[in-house]
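K.L.:
When you get a sec, could you give me coordinates for this:
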Amino acid sequence: MTPDTSCQIPPVTTPLHPDIVRYVQERRCPSGGYCFYRLDEPNAGDTFHALQILSLLGEGVHDDETAAFLQGLQKHDGSYPSYAAALYAGRGLRLLNQQPLYDLTSYISRAIPGISPDTQVIESFSLFEPLYTWLSLFMLYRVPLPEKWNDQIITTILRFQVASGGFGAPKATLQDTWQASETLAMLHYPKNNPWVSRFIRSCEDPEYGFLGKPGSRPPYLEHLYAGLRLSSLQGNAPRYAGACRAFIERCAHQSGGFVRSVYGGSPTLEFTARAVESLAILEGMQHVGKHTYHAKEMRLTREMN
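P.N.:
Numbering: from 1, shown residues only. A predicted model of the protein is given here:
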């Protein structure tokens, strides 16, 4: 797995495979692209998530109409409605072995997106999402980042690391800590951070796998997803992999998609993509033996003492 592409591991094996594929295919729009509520109103996010799901399940992804839809989201000057739309479109086109029609270097090189708890959108995945999304575009298209920006971004992110070892404001969350850590990794900042690993362990839960904050309930799919992405980035295997799988399975919906909570809700392509990628990460971690994991635990404990 790399920050600029979807999860790059062998196809996911799950008994839910045919149901998930059917769920995705039923949300293909007649004009190309995908829409989770099944109207002919495709959008970049749903389209990428649908293509990512099919790719992770080992299904062939070849769709000229959908490629044309994603290419059509870009304006002649290389810009998009948002950086998020640009990233979803770019990653979707990558899965379709296609490229944008216009260069977007000037579009993404205007300025660094600001991050502040005061301006964070309530529905956003994390405090660092604007910065993570923007920088991912540089990685996806291999656009060099000015050195002065590199140092400025690292300094800004590190200001949000708190006493618990995680990142966030005023307190750390798994989502904030994952995207902060992933952004730092893209900037070649050292990945192995014993304080971050300590925070991950404090968020692990024997019943649900991961919690968004230590002791915080109810759990949601995005908490587990962030915990697995962060664990993978740090090179650590989750202590409760079985609980992670069980939680994901409990989020499966009769439609074939996934909801964000074991307490119900409406399935979306985004939740389904997070569930399938989480299963993919867990499969990839099966090769990490208990001996290796306990050795890392002992090393991290020594480093923090």
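K.L.:
which secondary structure element contains Ile157?
P.N.:
Here Ile157, judged by DSSP states H and E, is contained in helix 147-158.
K.L.:
pLDDT averaged over that helix - what is it?
P.N.:
Summarised as a single mean, pLDDT over helix 147-158 is 93.
K.L.:
mind giving me the domain ranges of the chain?
P.N.:
Using automatic domain parsing, the domain ranges for the chain come out as 1-110, 191-305.
K.L.:
would you turn the ones you listed into TSV with distance to Arg159 and mean neighbour count?
P.N.:
The way it works is simple: take the backbone N, C-alpha and C, and place the C-beta from them, glycine included. Output for the domains of the chain, formatted as TSV (distance: least, CB to CB, whole Å; neighbours: other CB atoms under 10 Å):
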stretch	distance to Arg159	mean neighbour count
domain 1-110	21	18
domain 191-305	15	19
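K.L.:
Of the ones you listed, which is nearest Leu127?
P.N.:
Across the domains of the chain, Leu127 has its closest neighbour in domain 191-305 (12.3 Å, CB to CB).
K.L.:
circling back: pLDDT averaged over the helix or strand just after the helix holding Ile157, what's the number?
P.N.:
With elements assigned by DSSP H and E, the helix or strand that comes after helix 147-158 is helix 174-186. Averaged across helix 174-186, pLDDT comes to 96.
K.L.:
and helix 174-186, how far from the chain's centre?
P.N.:
Offset of helix 174-186 from its chain centre (CA atoms, centre = their mean, to the nearest Å): 10 Å.
K.L.:
Give the buried residues for it.
P.N.:
174-184, 186 (16 or more other CB atoms under 10 Å).
K.L.:
Do I have it right that Cys203 meets Leu211?
P.N.:
Yes: between Cys203 and Leu211 there is a contact under CB atoms under 8 Å: 5.3 Å.
K.L.:
Could you name every residue contacting both of the two?
P.N.:
Common neighbours of Cys203 and Leu211 (criterion: CB atoms under 8 Å, 6 or more residues apart in numbering): 174, 223.
K.L.:
Lys180: what's it in contact with?
P.N.:
One thing to correct before we go on: residue 180 is Ala, not Lys. 126-128, 157, 160-161, 167.
K.L.:
Farthest pair within those residues?
P.N.:
Maximum distance among the contacts of Ala180 (CB to CB): 14.0 Å, for Ser126 and Gln161.
K.L.:
Just the closest of the buried residues of helix 174-186 to Leu93, please.
P.N.:
Met186 (20.1 Å).
K.L.:
Just to check, that closest one is in contact with Thr133?
P.N.:
No: assessed by CB under 8 Å, Met186 is found out of contact with Thr133, at 11.5 Å.
K.L.:
so Val61 makes contact with Leu95?
P.N.:
Yes: applying CB under 8 Å as the test, Val61 and Leu95 come out as touching, 5.4 Å apart.
K.L.:
what is in contact with those two at once?
P.N.:
Among the neighbours of Val61, those also in contact with Leu95 (CB under 8 Å, 6+ apart) are 51, 55.
K.L.:
Now do the helices in this structure.
P.N.:
For the chain, applying DSSP state H gives helices covering 17-25, 44-56, 64-71, 83-95, 105-108, 129-140, 147-158, 174-186, 194-203, 221-234, 241-250, 269-285, 290-304.
K.L.:
Can you say which of those is nearest to Gly215?
P.N.:
That would be helix 194-203 among the helices of the chain, by CB to CB, at 8.6 Å.
K.L.:
Can I get that closest one as CSV, trimmed to CA atoms?
P.N.:
The C-alpha atoms that make up helix 194-203 are tabulated as CSV, following Å, rounded to 0.1, in the frame of the first residue of the first chain:
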residue,chain,number,x,y,z
PRO,A,194,7.3,4.8,19.3
TRP,A,195,4.9,7.4,20.7
VAL,A,196,2.5,6.9,17.8
SER,A,197,2.7,3.2,18.3
ARG,A,198,1.9,3.7,21.9
PHE,A,199,-1.2,5.7,20.9
ILE,A,200,-2.3,3.0,18.5
ARG,A,201,-2.1,0.4,21.3
SER,A,202,-4.2,2.6,23.6
CYS,A,203,-6.9,2.7,20.9
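K.L.:
That helix to helix 174-186, inter-axis angle?
P.N.:
Helix 194-203 and helix 174-186 are oriented at 150 degrees to each other (axes from the mean of the first three to the mean of the last three CA atoms, to 10 degrees).
K.L.:
which residues are in contact with helix 194-203?
P.N.:
Helix 194-203 has contacts (CB under 8 Å, 6+ apart) with 161, 164-166, 172, 174, 177, 181, 210-214, 223, 227, 230-231, 234, 236, 239, 300, 303-304.
K.L.:
Hmm, Glu204 and Arg239 touching each other?
P.N.:
Yes: here Arg239 reaches Glu204: they are 5.2 Å apart, a contact under CB under 8 Å.
K.L.:
give the contact list for the closest residue in space to Ser261 that isn't next to it in sequence.
P.N.:
Excluding its sequence neighbours, the residue lying closest to Ser261 (CB to CB, 6 or more residues apart in numbering) is Tyr220, at 5.6 Å. Residues near Tyr220 by CB under 8 Å, 6+ apart: 212, 260-261.
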